[in-house]
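> next comes the sequence, and after it the predicted model I'd like to discuss.
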There are 2 protein chains.
Amino acid sequence: ANRMVRAAQGRGIMEFGARRAQGYDGAIYGARAAYIGGCIGTSCTIAGQKFGIPVMGTMAHSWVQMFQTEEEAFRAYARAYPENCVLLVDTYNVLKSGIPNAIKVFKEELLPRGIRPAGVRIDSGDITYLSKEARKMLDDAGFRDCKIVASNSLDEFIIRDILIQGAQIDVFGIGERLITSRSEPVFGGVYKLAAVEENNEIIPKIKVSENVAKITNPDFKRVWRFYDRESGKAIADLLTTSHETIDESKPYELFDPEHTWKRKTVRNFHARKLLTKIFDKGTCVYESPKLKDIQRYCQEQVDTLWDEVKRFKNPHKYYVDLSKRLWNIKYELLKKYV
Amino acid sequence: ANRMVRAAQGRGIMEFGARRAQGYDGAIYGARAAYIGGCIGTSCTIAGQKFGIPVMGTMAHSWVQMFQTEEEAFRAYARAYPENCVLLVDTYNVLKSGIPNAIKVFKEELLPRGIRPAGVRIDSGDITYLSKEARKMLDDAGFRDCKIVASNSLDEFIIRDILIQGAQIDVFGIGERLITSRSEPVFGGVYKLAAVEENNEIIPKIKVSENVAKITNPDFKRVWRFYDRESGKAIADLLTTSHETIDESKPYELFDPEHTWKRKTVRNFHARKLLTKIFDKGTCVYESPKLKDIQRYCQEQVDTLWDEVKRFKNPHKYYVDLSKRLWNIKYELLKKYV
């Protein structure tokens, strides 16, 4: 979701994916995740009810199809939802009937009551062309404030492309490719055993593999994020053993655990501990922040990343390094088995 | 799942994806779908309990890591599960410790009790090379009947490739790429309004679009599958209006609704109605067959498809055509709006 939010460059993204999610909890928690990632709202009403996410959407095509004419359908909708009147203009023909009917209904149903129209939604066809033409027609009719919403199998790449082409979109509705994370549907995190307690002693454990990515980091760990004090940007994350601390007053040498000759000495940095205790002896000791605060935290953290790291294709790798002490423990265990 | 089952050419596929599913109902119903698609079982115990799917799996790496030595871990497992002893041999080093330890434990823990080992599982490294070497070592030790299970981000393409290279695998465990349908995570089916009843009259409705794929087929419909009587293969599916019937004794002209000049007259065919009534006035009137029977039906239907249609990449398109009557209704509605 955050990639799409960034591609939209300030325009809103609505999460529209419920019907294509992999199960209902995929839909509900997917909507929550999308909101954390920066979406402005969701069409999933139960996620709105459960988490307080703003619920938004327009009508279904079936609403338009149900009536004898498109104009009649728009008129009924404008009467039912005057304050939030977004009309779906692509059931039959966007430029020949959808937009003209919308303008007519805006003028005859909303203006007399002193209400401005909220928007129109285009869900098929060439979004770039249709949105430009629709924008002209709406502007000419005096509806410069009427927003244009676009949907139709969009993702971050299509959003970027159509904005480069000058599409006149104010808000995007994104469904299937967001809710299933189509570009990367598998989230690769798993639990692995890191240490065992035996006779009051903590013994670090490792899982070895020919696939370097499948080798685990042994022992109980602490995760630090290093920020450059000048730019505020994140330099790297560092894994240490759980008892290590970082002295910010001295230079710290980071090194790449896969390519140990790659070293970098950082100065003038701030090192923040990322881990927070959630469970203590089986009891939850953590209170989850408000969803809005989680969303803001996500935004703030994304802002500490360099643009190179945020690039959609071939991004620069964000470093996650090991402390020397942790590396030594790992190295000793590796030597034992390989 | 069915693509992977076909790639394995008779070798078993176990569904291993629960921890990577998009939510718990994704895991549970994904396991069910995988079984219907031809998997032999699942590691998702709750799906096993709920639907009667055979539950299978081995140990976790943490089991091996927990013990002082790999041999000790294998020994404890063999004592706990003697009848279904599949040992995970890649925690440290497959060929130097995993397989030798497995052979030792098979000999010392199982053979004295008159039990044959079930298998070993390799979950990382070069599966082709490791499985060939492991096969030799197991055969030399007298365990020709010990199966080799492979897992590690597999999909239909990797299965096909490593089998071409002669990998000695008897069973595949497939997780993330099956449970999220990584190659095609969005299932594109949606409900659209097809007709409206007004004053006891059924009025067909259409949704038009510049995107041809987004134009709906109006009216209440019936779906037929045409089979060639000689080969038993499926020729095409046909949508008709709900009251049409097909006279099998006469030739039937199929035509492509997108490219209407493409026509084909079929003879000596059997036309089967695919739709079954599930709900009647809001009441469920259908009883779901046993899961095993659904699995067999799936297998039978896949067998009626030509190999060209089943190809993983660039498959031949399976035709879904419209009857002339349905096409005429659609064409009249299209003319009205375009």
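Received, thanks.
> switch to C-alpha atoms for all contacts and neighbour counts from now on
Noted.
> state the distance from A:Ser124 to A:Lys290.
From A:Ser124 across to A:Lys290, the span is 36 Å (CA to CA, to the nearest Å).
> the more surrounded of those two?
Per other CA atoms under 10 Å in any protein chain shown, whichever of A:Ser124 and A:Lys290 has more neighbours is A:Ser124, with 24 against 11.
> element containing A:Ile13, please.
Applying DSSP states H and E as the criterion places A:Ile13 in strand A:12-15.
> so what are the sheet partners of that strand and their directions?
Applying DSSP bridges, strand A:12-15 is found paired with strand A:41-42 (parallel), strand A:171-174 (parallel).
> and the contacts of that strand?
A:4-5, A:31, A:34-35, A:38-44, A:56-57, A:170-175, A:178-179 (CA atoms under 8 Å, 6 or more residues apart in numbering or on different chains).
> go again using 7 Å as the cut-off
Defining contact as CA atoms under 7 Å, 6 or more residues apart in numbering or on different chains, one finds that strand A:12-15 is touched by A:5, A:31, A:34, A:39-43, A:170-175.
> who wins for most neighbours among the residues you listed?
The most crowded member of these, judged by other CA under 10 Å, is A:Ala31 (32 neighbours).
> that one and A:Thr42 touch, don't they?
Yes: the pair A:Ala31 / A:Thr42 is scored as a contact, 6.3 Å apart, by CA atoms under 7 Å.
> tell me how many other residues crowd A:Asp293.
By other CA under 10 Å, the residues close to A:Asp293 number 12.
> next one: A:Gly166
A:Gly166 has 12 nearby residues by other CA under 10 Å.
> try A:Ile294
For A:Ile294, the count of nearby residues is 16 (other CA under 10 Å).
> ok, which stretches of the stretch 201-338 of chain A are strands?
Assigned by DSSP state E, counting those that start in this stretch, the stretch 201-338 of chain A shows strands spanning A:201-204, A:221-228, A:234-241, A:252-255, A:263-266, A:269-273, A:279-280, A:283-284, A:320-322.
> for chain B, which of the ones you listed is the nearest?
Judged by CA to the nearest CA, the one of those that comes nearest to chain B is strand A:201-204, at 9.6 Å.
> partners of that closest one in the sheet?
Assessed with DSSP bridges, strand A:201-204 is paired to strand A:195-198 (antiparallel).
> quick one: the strand it pairs with to chain centroid distance?
38 Å (CA atoms, centre = their mean, to the nearest Å).
> format the contacts of strand A:12-15 as JSON lines; extra columns: pLDDT.
Output for the contacts of strand A:12-15, formatted as JSON lines (pLDDT from 0 to 100):
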{"residue": "A:Val5", "pLDDT": "97"}
{"residue": "A:Ala31", "pLDDT": "98"}
{"residue": "A:Ala34", "pLDDT": "98"}
{"residue": "A:Cys39", "pLDDT": "98"}
{"residue": "A:Ile40", "pLDDT": "97"}
{"residue": "A:Gly41", "pLDDT": "97"}
{"residue": "A:Thr42", "pLDDT": "97"}
{"residue": "A:Ser43", "pLDDT": "96"}
{"residue": "A:Asp170", "pLDDT": "98"}
{"residue": "A:Val171", "pLDDT": "98"}
{"residue": "A:Phe172", "pLDDT": "98"}
{"residue": "A:Gly173", "pLDDT": "97"}
{"residue": "A:Ile174", "pLDDT": "97"}
{"residue": "A:Gly175", "pLDDT": "94"}
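> reformat those as a markdown table; add distance to B:Leu305.
Formatted as a markdown table, the contacts of strand A:12-15 follow (distance: CA to CA, whole Å):
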| residue | distance to B:Leu305 |
| --- | --- |
| A:Val5 | 43 |
| A:Ala31 | 38 |
| A:Ala34 | 40 |
| A:Cys39 | 43 |
| A:Ile40 | 46 |
| A:Gly41 | 44 |
| A:Thr42 | 41 |
| A:Ser43 | 39 |
| A:Asp170 | 46 |
| A:Val171 | 44 |
| A:Phe172 | 40 |
| A:Gly173 | 38 |
| A:Ile174 | 35 |
| A:Gly175 | 32 |
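> which one of those residues sits closest to chain B?
The nearest one, if we look at the contacts of strand A:12-15 relative to chain B and count by CA to the nearest CA, is A:Gly175, at 9.9 Å.
> quick one: contacts for that closest one?
Here A:Gly175 is in contact with A:Glu15, A:Phe16, A:Gly17, A:Ser153 (CA under 7 Å, 6+ apart).
> give me the buried subset of those.
Using 16 or more other CA atoms under 10 Å in any protein chain shown as the burial test, these include A:Glu15, A:Phe16, A:Gly17 as buried.
> contact partners for the second one?
A:Phe16 sits next to A:Thr42, A:Ser43, A:Gly173, A:Ile174, A:Gly175 when contact means CA under 7 Å, 6+ apart.
> skipping adjacent residues, who's closest to it in space?
A:Gly175 (4.3 Å; CA to CA, 6 or more residues apart in numbering or on different chains).
> repeat for the last one
In space, A:Gly17 comes closest to A:Gly175 once its chain neighbours are excluded; the distance is 3.5 Å by CA to CA, 6+ apart.
> for A:Leu110, helix, strand, or coil?
helix (DSSP: H, G, I helix; E, B strand; the rest coil).
> how about the contacts made by it?
So A:Leu110 contacts A:Pro82, A:Arg116, A:Pro117 (CA under 7 Å, 6+ apart).
> now these in TSV, with distance to A:Lys313?
Formatted as TSV, the contacts of A:Leu110 follow (distance: CA to CA, whole Å):
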residue	distance to A:Lys313
A:Pro82	43
A:Arg116	41
A:Pro117	38
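> who wins for most neighbours among the residues you listed?
Result: A:Pro117 is most packed of the contacts of A:Leu110 (other CA under 10 Å), 25 neighbours.
> can you give me the helices for the stretch 51-200 of chain A?
For the stretch 51-200 of chain A, the helices defined by DSSP state H, counting those that start in this stretch occupy A:61-66, A:70-80, A:99-105, A:127-140, A:156-164, A:176-179.
> those into TSV, with extra columns for mean neighbour count and mean pLDDT?
Compiled in TSV, the helices of the stretch 51-200 of chain A are given as follows (neighbours: other CA atoms under 10 Å in any protein chain shown; pLDDT from 0 to 100):
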stretch	mean neighbour count	mean pLDDT
helix A:61-66	20	96
helix A:70-80	19	97
helix A:99-105	21	98
helix A:127-140	18	98
helix A:156-164	15	97
helix A:176-179	26	95
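> quick one: closest of those to chain B.
Among these, helix A:61-66 sits nearest to chain B (CA to the nearest CA), with 5.2 Å.
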